[in-house]
Structures are given as structure tokens and as C-alpha cells.
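Engineer: give me a model of this one.
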Amino acid sequence: MRRRVGRPPAPPGDRWVDRIRRAAYYLDVAVLEDLEHYCARTGATKSEVVRDALRAWLDQHTPTRH
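Structural biologist: Next up, the predicted model:
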């Protein structure tokens, strides 16, 4: 019998993979350069900026749920 090493597994729902999923998209070079300049200027990560921009766009273009 092998001895377990490390942290015990987290219950479902508490794990990082249950909250975050990876996605890859192609961007125009100019858009990516603008994103990199913005991130360098503000200290934000590219992921944060993309998530915030997508959330803002979806909030503006998705009908409200009742």
C-alpha cells in the first residue's frame, strides 16, 4: 500500500478546476499589442482585463433575467 503524500484532495466545488476553465482565442496583433501596453501601464494581468471586458460586454448585450 502506498502512503499518500501532500495535501488531501479538496471536495468538489472547492477546487480551482471547478471554478475556472481555460479557453484560448486568437487576437489581432494590434489588439494584443494594445492589451500588453495597457497591462504594462496599469499592472493588471491580461486575463483580468479580458475577463472584465467580456463580463462588461455580456452585461450590456444580454437581456436581464427575471
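Engineer: mind naming the longest helix for this structure?
Structural biologist: helix 46-61 (DSSP state H).
Engineer: give the other helices and strands that that helix contacts.
Structural biologist: Applying 3 or more CB pairs under 8 Å, 6 or more residues apart in numbering; DSSP states H and E, we find helix 46-61 packed against helix 29-42. Using the backbone N, CA and C atoms, a C-beta is placed for each residue, glycine as well.
Engineer: the helix it packs on relative to helix 46-61, how many degrees between them?
Structural biologist: 110 degrees (axes from the mean of the first three to the mean of the last three CA atoms, to 10 degrees).
Engineer: contacts for helix 29-42, please.
Structural biologist: Helix 29-42 is contacted by residues 27, 44-46, 49-50 when judged by CB atoms under 8 Å, 6 or more residues apart in numbering.
Engineer: per-residue pLDDT, residue 1?
Structural biologist: As predicted, residue 1 sits at a pLDDT of 69.
Engineer: how about residue 44?
Structural biologist: If you check residue 44, the pLDDT there is 97.
Engineer: picking that back up, how far is the longest helix of the chain from where the chain is centred?
Structural biologist: Put simply, helix 46-61 sits 10 Å off its chain's centre (CA atoms, centre = their mean, to the nearest Å).
Engineer: buried residues in it, which are they?
Structural biologist: For helix 46-61, a neighbour-count test (16 or more other CB atoms under 10 Å) marks nothing as buried.
Engineer: pull the CA atoms of that helix into PDB?
Structural biologist: In PDB, the C-alpha atoms belonging to helix 46-61 read as follows (Å, rounded to 0.1, in the frame of the first residue of the first chain):
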ATOM      1  CA  LYS A  46      -4.100  40.100 -19.500                       C
ATOM      2  CA  SER A  47      -6.500  37.600 -18.000                       C
ATOM      3  CA  GLU A  48      -8.100  40.100 -15.600                       C
ATOM      4  CA  VAL A  49      -8.600  42.600 -18.400                       C
ATOM      5  CA  VAL A  50     -10.100  40.100 -20.800                       C
ATOM      6  CA  ARG A  51     -12.400  38.700 -18.100                       C
ATOM      7  CA  ASP A  52     -13.600  42.200 -17.100                       C
ATOM      8  CA  ALA A  53     -14.100  43.300 -20.700                       C
ATOM      9  CA  LEU A  54     -16.100  40.100 -21.500                       C
ATOM     10  CA  ARG A  55     -18.200  40.500 -18.400                       C
ATOM     11  CA  ALA A  56     -19.000  44.100 -19.200                       C
ATOM     12  CA  TRP A  57     -19.800  43.300 -22.800                       C
ATOM     13  CA  LEU A  58     -22.100  40.400 -21.800                       C
ATOM     14  CA  ASP A  59     -23.800  42.500 -19.100                       C
ATOM     15  CA  GLN A  60     -24.500  45.200 -21.800                       C
ATOM     16  CA  HIS A  61     -25.700  42.800 -24.500                       C
END
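Engineer: noted, bye for now.
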